[in-house]
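Enquirer: Predicted structure and sequence below. I'll ask about it afterward.
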Amino acid sequence: GAQAPQWLLTSFVDAMQQIGATATDAELEHEGADLIQRWNAPERQLHNLRRLMNTLTHIDEIASSAHDPDILRVAAWYYGAFLNKALEIKLGGFQANFAATRCIDHAHNRLTNLGVPDEVVVRIDELIAFVTRHRAPRTDFDAQVLVDADLAGLSVSPQEYKKIRCALRAELSELDDLQFVKARMALVKKLLSYETIYQSPLGSTWEDTARANLEVELTRLEREKAQLCQAAQTEDTDDTDDADDTDEVVEDSTT
């Protein structure tokens, strides 16, 4: 993970105060430090502190179309309080709902304890859910800015996109290759199925590059899936042949 620059913690405290937190500066700094530690955990190869800083930068780039950018910034911080790891993906059928619920519960409790008004806390809960689904309502322009800022990382050079794919695979190392490919294909197809990936007016500038990266990745994933399935079928055939060559069959063997 990246080292946390001083401006990052200062910006968190400022955003919290702008959304109405009544906690002391020291309490807000302690909260920001805790979130930085979470984002900077060693197992985070992609969704790490650098990812958070990039998202905050992208919010600034397109925030002119948002009404409450500080609420979006705080939501971006708490969205990564827990990492969506392989277990959650498998349990949720390749959805991030389980991890999102933990992030929302954590954000709700912490923001409430830090004196953020109830209506703002509920709004941040809602925004985290939108980011998890990679989609915002058509009439919610602030949510569109946040979701687009999170997805802006897809609009990079092919070389950088390859690094993103490798980092994601390392982050989800608990999944076997076929599970990972299926999970990733589901998300890539979902994103490509949208008429536009980016919903905010300024986010549209990222559309063409992101879509091109996703289409190339989908082609790669389809090829990898075919190879993995073929290898699995070959392995099953070999196992069957070995069983046929066995002279003695044990009747009480496991099914």
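Expert: That came through fine.
Enquirer: quick one, helices of this protein?
Expert: For the chain, applying DSSP state H gives helices covering 6-18, 25-39, 49-62, 69-79, 86-91, 97-113, 118-133, 141-151, 158-171, 177-193, 207-244.
Enquirer: Go through these and find the least confident stretch.
Expert: Mean pLDDT is lowest for helix 86-91 among these, at a mean of 62.
Enquirer: that older thread, wait, which of the helices of the chain is closest to Ser200?
Expert: Taking Cβ to Cβ, helix 141-151 is the member of these nearest to Ser200, at 4.2 Å. Using the backbone N, CA and C atoms, a C-beta is placed for each residue, glycine as well.
Enquirer: Can you give me the buried ones in the closest one?
Expert: By 16 or more other Cβ atoms under 10 Å, the buried positions in helix 141-151 come out as Asp142, Ala143, Gln144, Val145, Leu146, Val147, Asp148, Ala149, Asp150, Leu151.
Enquirer: ok, the third one - contacts?
Expert: Okay, so that is Gln144. When contacts are counted by Cβ atoms under 8 Å, 6 or more residues apart in numbering, Gln144 touches Ala136, Gln199, Ser200, Gly203.
Enquirer: same thing but 6 Å
Expert: Contacts here follow Cβ atoms under 6 Å, 6 or more residues apart in numbering; on that basis Gln144 touches Ala136, Gln199, Ser200.
Enquirer: any idea how far the nearest residue to the second one once chain neighbours are set aside lies from Ala100?
Expert: Going back to what we said before, that points to Gln199. Ranked by Cβ to Cβ, 6 or more residues apart in numbering and with sequence neighbours excluded, the top spatial neighbour of Gln199 is Gln144, at 4.1 Å. Taking Cβ to Cβ, to the nearest Å as the measure, Gln144 falls 18 Å from Ala100.
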